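**Q** Fold the following for me, if possible:
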Amino acid sequence: MLTVAGLLQKEVIFSYFASKYKHMASNKVEEIIEKYLQREVERGLNQLPGSIEPEMLAPGQEANQEWKTWLPIASTVTDEEIAAVEEKIKCKLPASYVKFLKYKHFYELHIGEATFCRHPLRTWQNALGNMILERHPNEYLYDIGLIPFADWSDWGLLCFDTRRNYFTADYPVVLWDHEVADNYTDYSMNFNVAIKKLDKEDERSWERDAE
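**A** A predicted model of the protein is given here:
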């Protein structure tokens, strides 16, 4: 029979390994994000027409160039800005997604079939708010508790399903098909798992293309 001291010891050991695994998993997600941001740069996919935030502008460009090259930079997102977004959408964001938002600013991030919401310096709140509240029919998404954060190919969205795990905000991720607007498919148990799954799917797709 376990004593109180024994139970406490087991809890301490479990907490240690759980926190260690969480840290390792978090690092893995950041490595994945970094890999795909670097791929945007290496393949010259980091060019856009129009204005680019000065801090994200690659050096050596003329001010009157139509197409400009951007570079990912360290995020400046604050807890206050996150709170403002959550107040606007009336919903808590997952801690793992907040960590993602606090990692890097970018204009484009593609992993597999997913194209993440633009996350530039200064205007990221407007971009995310627009994706959640303005770009898509709310009756099929926001109004029923689905929060989009990435486009899927040219036919769908990856969304947080806030109807589940509401109190922990560690929402599962679902795939929404705009051709069948009331159809939602479970994609992953949470945001971090979605990132890792996207990475594996992308790698498999490159392996198939190389065969």
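**Q** Tell me the spacing between I111 and E134.
**A** The spacing between I111 and E134, counted by CB to CB, to the nearest Å, is 24 Å. (C-beta placed from N, C-alpha, C; glycine too.)
**Q** ok, these two, which is more surrounded?
**A** Between I111 and E134, counted using other CB atoms under 10 Å, the more crowded position is I111 (22 against 10).
**Q** That one is in contact with Y36, isn't it?
**A** Yes - applying CB atoms under 8 Å as the test, I111 and Y36 come out as touching, 5.0 Å apart.
**Q** What are the phi and psi values at the residue nearest to I144 when sequence neighbours are not counted?
**A** Nearest residue to I144 in three dimensions, chain neighbours excluded: R163, at 7.4 Å (CB to CB, 6 or more residues apart in numbering). Main-chain dihedrals, R163, degrees, to the nearest 10: phi -80, psi -20.
**Q** R163: neighbouring residues, count only.
**A** Neighbour count for R163, taken as other CB under 10 Å: 12.
**Q** P148 now?
**A** 22.
**Q** Let me see the contact set for it.
**A** Applying CB atoms under 8 Å, 6 or more residues apart in numbering to P148 gives the contacts C117, M131, I132, R135, H136, L141, L157, L158, C159, W176.
**Q** please redo it, this time with the cut-off set to 6 Å
**A** Each residue near P148 by CB atoms under 6 Å, 6 or more residues apart in numbering is listed here: M131, L157, C159.
**Q** Inside strands: which ones of those residues?
**A** Here DSSP state E is the test, and the contacts of P148 give L157, C159 as lying in strands.
**Q** Tabulate the contacts of P148 (a markdown table), appending neighbour count.
**A** Formatted as a markdown table, those follow (neighbours: other CB atoms under 10 Å):
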| residue | neighbour count |
| --- | --- |
| M131 | 19 |
| L157 | 25 |
| C159 | 25 |
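**Q** Out of the contacts of P148, flag the one nearest to R204.
**A** L157 (21.9 Å; CB to CB).
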